[in-house]
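Trainee: This is a predicted model, with the sequence first.
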Amino acid sequence: MAGNSFFDVLVIGGGQAGIPLAHALAQKGKRVALAERENLGGSCVNFGCTPTKAAIASAKLAQMARRAREFGLRIPTVEVDFAAVIERARNLALASRRRLEEGFAGSDNPKLLRGQARLAGRAENAFRVAVGAETIIAGQVVLNTGTRSVIPEIEGLREIAFLDAGNWLKRTELPRHLAMIGGGAIGLEMAQFYRRMGSQVTVIESGDQLAGHEDRDVADALQSLLAAEGIAFRLGTSVKRIERREGGITLRLGGDGSAALDVSHVFVAAGRRPNTGDLGLETVGVAMSEHGIVEADERRATSVPGIWVAGDIRGGPQFTHTAWDDYRVLLSQIAGDGKRTTKRIVPYAIFTDPELGRVGLTESQARRGGHAVKIGRFAMKHNGKATEIGESEGFIKVVVDARSHALLGASVLAAEGAELVHCYIDAMNAGASYDVIADAIHIHPTLAEAVQSAVTAIA
């Protein structure tokens, strides 16, 4: 090992698991390095959670201004400065990234290494890793390299300057007519954002419903709410070919490409692909799926002892909060009691307006799983606070076990739905029955009363 720097742990990738893990392991007395080839913060900070939610906030304010007369106010015109909206979102992302960089400034443990990291075989009881022009030795390695946008093999797509989750912050021109390829979380959030900014938007989804993991009634309600804002939908439709034309783009739709849709811009939101193709995992025999997902157990251990994985490349739910929890799992496994694993309840949200907060099983999943279920449903139009603040769209749907009264899952399509769903998340983590929520006293008037109203509606 002479001539090479040695670290107890090398973390490859500065995402939402890698950064806190590097700091925590150093505090536990490990000699730690973190290798990052580009920007600290991962997708969440650089182009995902932070800037998208900032942009969505601007879109929400614009929409509320347009509704001013409903509240007895007069706002004659609403002018959108799209470049300024993008600049605000970009600056918030940059500020978050700078704070992360400051955490490594002048630090030798954890030590920040800049450059592409690639495993280069074993070194005695450790691993040899090339980081840029330097080669280091690491006793253990944590893979946290994240994902990138899937770019479908559509004829003509790569010949246009399409938008995707990774580059939208670089585009300050408001699309006249945006085609959104994909009706999942990213596609729906960004479709509503651009629509509220003033673009005409058409969402193209190959499946027969939006948000394909959700119950049909929830997906249909979400589609209706978005359609009411003027977003158009082409479901059960694929893009066969893309053609550049004078002044715009033509999408050829359907199996034979006979249907045409003329637009000005295309946004690709067709899923995410793991960044594992250039990590040198084959040099040490790390097992991966055919799609590049690193295989791991509930401890986040890979097939090679001493190599661990965190974040989106380990398969399963791809959320910032699951990546952050992976850090807690790995801290326990590498420098703790080893008791923490990924046996966990994973909630998530689609940050449209209204938001869709989700936890646990859908009704269809519960029935397919053999549960005897009961359903509680409550329309937000019957909640006092929702009506008073003019945010009464949507509903709450709760799925419970008919015998044990255990909460199996919940869908909260409502204003602040991503916040409200935490009432169910905490109860499920505590192993509490829905009766606990039903018997509690909630403050009036609040949106959270609707959480209770949904469980009291269970028949």
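Mentor: Received it, and whenever you're ready, just let me know what you need.
Trainee: List the contacts of R273.
Mentor: T147, R148, S149, V150, H291, G292 (CB atoms under 8 Å, 6 or more residues apart in numbering). For every residue, glycine as well, the C-beta is placed using N, CA and C.
Trainee: which element is it on?
Mentor: Per DSSP states H and E: R273 is located in strand 272-274.
Trainee: by contact count, what packs against the helix or strand just after that strand?
Mentor: Using DSSP H and E, the next helix or strand after strand 272-274 towards the C-terminus is strand 307-309. Strand 307-309 sits against strand 134-143, helix 320-335, with contacts defined as 3 or more CB pairs under 8 Å, 6 or more residues apart in numbering; DSSP states H and E.
Trainee: ok, 10 Å please
Mentor: Counting contacts by 3 or more CB pairs under 10 Å, 6 or more residues apart in numbering; DSSP states H and E, strand 307-309 is packed against strand 5-12, strand 134-143, helix 320-335.
Trainee: Give me the distance between P76 and G198.
Mentor: Relative to G198, P76 is positioned 17 Å away (CB to CB, to the nearest Å).
Trainee: The strand holding R273 pairs with which strands?
Mentor: strand 147-149 (antiparallel) (DSSP bridges).
Trainee: How far off centre is the partner strand?
Mentor: Computed by CA atoms, centre = their mean, to the nearest Å, the chain-centroid distance of strand 147-149 equals 11 Å.
Trainee: same deal with stretch 269-284?
Mentor: 18 Å.
Trainee: what mean pLDDT does it have?
Mentor: Per-residue pLDDT over stretch 269-284 has a mean of 96.
Trainee: Now the terminal residues of that stretch, how far apart.
Mentor: The straight-line separation of the ends of stretch 269-284 (CA to CA, to the nearest Å) is 33 Å.
Trainee: What of stretch 295-305?
Mentor: Stretch 295-305: ends 12 Å apart by CA to CA.
Trainee: Tell me the spacing between the residue most central in space within the chain and K240.
Mentor: Central residue of the chain (CA atoms, centre = their mean): F319, 4.5 Å from the mean position. Between F319 and K240 the computed distance is 32 Å (CB to CB).
Trainee: Tell me where this structure has helices.
Mentor: Here the chain has its helices, by DSSP state H, at 18-27, 42-46, 49-66, 82-102, 185-197, 216-227, 320-335, 363-368, 384-388, 417-420, 422-429, 434-438, 449-456.
Trainee: Quick one: closest of those helices to V398.
Mentor: Evaluated over those, closeness to V398 peaks at helix 449-456, with 4.8 Å, by CB to CB.
Trainee: Go through that closest one and flag the buried ones.
Mentor: For helix 449-456, the neighbour count (16 or more other CB atoms under 10 Å) marks E449, A450, V451, Q452, S453, A454, V455 as buried.
Trainee: What helices and strands are in contact with that helix?
Mentor: strand 373-379, helix 384-388, strand 395-401, strand 407-414, helix 417-420, helix 422-429, helix 434-438.
Trainee: how about it as PDB, C-alpha atoms only?
Mentor: This file holds the C-alpha atoms of helix 449-456, laid out as PDB (Å, rounded to 0.1, in the frame of the first residue of the first chain):
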ATOM      1  CA  GLU A 449     -59.100  17.500  11.100                       C
ATOM      2  CA  ALA A 450     -59.700  15.900   7.700                       C
ATOM      3  CA  VAL A 451     -57.200  13.200   8.700                       C
ATOM      4  CA  GLN A 452     -59.500  12.200  11.500                       C
ATOM      5  CA  SER A 453     -62.600  12.700   9.500                       C
ATOM      6  CA  ALA A 454     -61.300  10.100   7.000                       C
ATOM      7  CA  VAL A 455     -60.900   7.400   9.600                       C
ATOM      8  CA  THR A 456     -64.200   8.100  11.300                       C
END
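Trainee: just the angle between that helix and strand 373-379, please?
Mentor: 140 degrees (axes from the mean of the first three to the mean of the last three CA atoms, to 10 degrees).
Trainee: From the chain's centroid, how far away is helix 449-456?
Mentor: 27 Å.
Trainee: Okay, angle between that helix and helix 422-429 too, please.
Mentor: Using the same axes, to 10 degrees: helix 449-456 against helix 422-429 is 50 degrees.
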